[in-house]
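K.L.:
Give the three-dimensional model of this entry:
(2 chains)
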2 protein chains.
Amino acid sequence: MTHDEKAAAVHAYIAAFAANDPEAVRQIFSAGARVEDPVGSPAHVGIEAIVEFYTRSMAMKPKLQLEGPIRTAANSAAFAFSVVFEGTDMAVEVIDIFEFDEEGKVSSMRAYFAPENMKGFPQDWSA
Amino acid sequence: MTHDEKAAAVHAYIAAFAANDPEAVRQIFSAGARVEDPVGSPAHVGIEAIVEFYTRSMAMKPKLQLEGPIRTAANSAAFAFSVVFEGTDMAVEVIDIFEFDEEGKVSSMRAYFAPENMKGFPQDWSA
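P.N.:
Numbers count the residues shown, from 1 in each chain, chains lettered A, B, ... in the order given. Predicted coordinates:
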């Protein structure tokens, strides 16, 4: 799997949010994929649980703004972005790691962010 | 370990490069730490192998420029940066993941970058 193929999967993931289309993630993740978002929280395992997770996640119509170039290595992609919510000042600063299987599907996604990476929320999560 | 404590370790790591001081990494990594740089390459395991690796790495006097906020989650920190080499146009775009042990030392470092993330090198590594 080339750098560009891994980057294309990242862009498809960002496009799913742009279109507010949780079903689109079926084309990106493998049947048995694992999503840990954020790292340290209980994982969503299997495509049905993952689609359900993104359906809930997209309820607030979050948009992903890529910050800097996508990095890749071996069967992985790493990318920094902010999650923004239209019409608000809220943003979450995140770095995601994708791992790909041999068929080019994402088999593992881990999202790194802490309360300190959540900006402009009405509640101070870092308290 | 708080977000700020994890961020401080990242800043100490960047400062070690700024000072061109490979010995400084002894304060950052645990005795049995594992460094995989880039992901997919053979790991450097144990602090002596790690200091030796950074001694070689720092021979070209690389400097790390942080790109955006440090993200943390659970026992991890994730950060995007460019490695630049003074007096040259060369740069490597990298995302690092640190994992910390219970004593606040880095027990695992993984660096994500590909030839496509190496800019301005005399040889086209992406060929």
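K.L.:
Not counting sequence-adjacent ones, nearest residue to the residue most central in space within chain A?
P.N.:
The centroid of chain A falls nearest to A:Asp96 when counting by Cα atoms, centre = their mean (6.1 Å). In this structure, A:Asp96 finds its nearest non-sequential neighbour in A:Ala111, 5.2 Å apart by Cβ to Cβ, 6 or more residues apart in numbering or on different chains. Where C-beta positions appear, they are placed from N, C-alpha and C, glycine not excepted.
K.L.:
residues contacting that neighbour?
P.N.:
Listed by Cβ atoms under 8 Å, 6 or more residues apart in numbering or on different chains, the contact set of A:Ala111 reads A:36-39, A:94-96, B:73.
K.L.:
Give me the next element, helix or strand, following the longest helix seen in chain A.
P.N.:
Ranked by residue count and defined by DSSP state H, the top helix of chain A is helix A:3-18. Sequence-wise, the next helix or strand downstream of helix A:3-18 (DSSP states H and E) is strand A:29-36.
K.L.:
show me the contacts for A:Arg34.
P.N.:
Contacts of A:Arg34 (Cβ under 8 Å, 6+ apart): A:43-45, A:107-109.
K.L.:
if we can go back for a sec, would you mind getting the angle between the strand or helix carrying the residue nearest to the centre of chain A and helix A:3-18?
P.N.:
Secondary structure from DSSP H and E places A:Asp96 in strand A:91-100. If you take axes from the mean of the first three to the mean of the last three Cα atoms, to 10 degrees, strand A:91-100 sits at 140 degrees to helix A:3-18.
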